[in-house]
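Peer 1: could you work out the structure for the sequence below:
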Amino acid sequence: MTDEKYPKIILLLEVVALIMTGLLNEAGWGIWALEVFPAVVGTVILVVTYRKFKFSNLIYTLLFLHSIVLMYGGMYTYALTPFGEWMKMAFGFGRNNYDKIGHFLQGFVPVLVIRELFVRKMIIASRGWLVTILVLVTLGLSALYEFVEWGIALISGEVGDAFLGTQGYVWDTQSDMWYCFIGSIIALVFLSKLHDRVMTR
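Peer 2: The predicted structure is shown next:
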């Protein structure tokens, strides 16, 4: 498979997943739309900018996996996903923690997307500063997303509450950003060398 074909196949798979989760969703169209919105917007941006900047196949793969997590959450709401309920029973959690997978990936995937952009555009020369700034930018995006969740919850009532999905956990916002932080660190520690090889190739 050529590098030119791979992103198109990923795009096709994402469209299929979007349609299937939309048709099968049990949460209602409002919740589903809010949950998949980041994946849709991100995909549109990648398609529009594809001719100017092609990301590595590693990035397209990770973005697709992240999108699947968002779409699956949108089918049920994050607080009611069957996989989250299984984790709750298997590990003795006090709540459905599927949303923490999403927030972990909110750090794990975007930090590598930003890394590729910064490295290939040579925005930051120092590798030490690069790591610091990548983590801070990713955390900033996580905080911005929390603001968006908060705003939607304030203006849309019941749908917003389901979208926010705190499940009565008072530290939900802080823990969301903590999982994002951990995800970004783990991605940089374990995938930076592979990412460099992929970009060089």
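
Peer 1: and stretch 143-155, what's buried?
Peer 2: Buried residues in stretch 143-155, counting neighbours by 16 or more other CB atoms under 10 Å, are found at 145-146, 149, 152-153. To be clear about C-beta, it is placed using only N, CA and C from the backbone, and glycine gets the same treatment.

Peer 1: same question for stretch 61-79.
Peer 2: 62-64, 66-79.

Peer 1: in contact with residue 109, which residues are there?
Peer 2: 62-63, 65-66, 183, 187 (CB atoms under 8 Å, 6 or more residues apart in numbering).

Peer 1: kindly reformat those as CSV containing secondary structure, pLDDT and distance to residue 172.
Peer 2: Below are the contacts of residue 109 laid out as CSV (DSSP: H, G, I helix; E, B strand; the rest coil; pLDDT from 0 to 100; distance: CB to CB, whole Å):
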residue, secondary structure, pLDDT, distance to residue 172
62, helix, 98, 25
63, helix, 98, 25
65, helix, 98, 24
66, helix, 98, 20
183, helix, 98, 16
187, helix, 98, 23
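
Peer 1: quick one: those residues as CSV, columns for distance to residue 30 too.
Peer 2: Supplementary listing: the contacts of residue 109 in CSV, determined by distance: CB to CB, whole Å:
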residue, distance to residue 30
62, 28
63, 24
65, 25
66, 22
183, 28
187, 32
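
Peer 1: any idea which of those is the one closest to residue 17?
Peer 2: residue 65 (10.6 Å; CB to CB).

Peer 1: what sits against that closest one?
Peer 2: 105, 109 are the contacts of residue 65 under CB under 8 Å, 6+ apart.

Peer 1: neighbours of residue 6, how many?
Peer 2: If you count neighbours by other CB atoms under 10 Å, residue 6 ends up with 14.

Peer 1: from here on, call the first residue 740.
Peer 2: Yep, numbering from 740; the last one is residue 745 now.

Peer 1: how about it, what does it touch?
Peer 2: 796, 799.

Peer 1: relative to residue 798, how far out is it?
Peer 2: Relative to residue 798, residue 745 is positioned 11 Å away (CB to CB, to the nearest Å).

Peer 1: look through this structure and tell me its longest helix.
Peer 2: Criterion DSSP state H: the longest helix present in the chain is helix 866-903.

Peer 1: avg pLDDT for that helix?
Peer 2: Mean pLDDT, helix 866-903: 83.

Peer 1: next: stretch 753-771.
Peer 2: In this model, stretch 753-771 has an average pLDDT of 93.

Peer 1: what's the span of it from first residue to last?
Peer 2: For stretch 753-771, the separation between the terminal residues is 15 Å (CA to CA, to the nearest Å).

Peer 1: name the surrounding residues that touch that stretch.
Peer 2: By CB under 8 Å, 6+ apart, stretch 753-771 touches 774-775, 778-779, 782, 803, 806-807, 810-811, 813-816, 819, 895, 898, 901-902.

Peer 1: list the buried ones in that stretch?
Peer 2: Buried residues in stretch 753-771 (16+ other CB under 10 Å): 753, 756-757, 760, 764, 766, 770-771.

Peer 1: in which helix or strand would I find the most centrally placed residue in the chain?
Peer 2: Compute the mean C-alpha point of the chain, and by CA atoms, centre = their mean the closest residue is residue 845, 4.0 Å away. For residue 845, the host element (DSSP states H and E) is helix 837-859.
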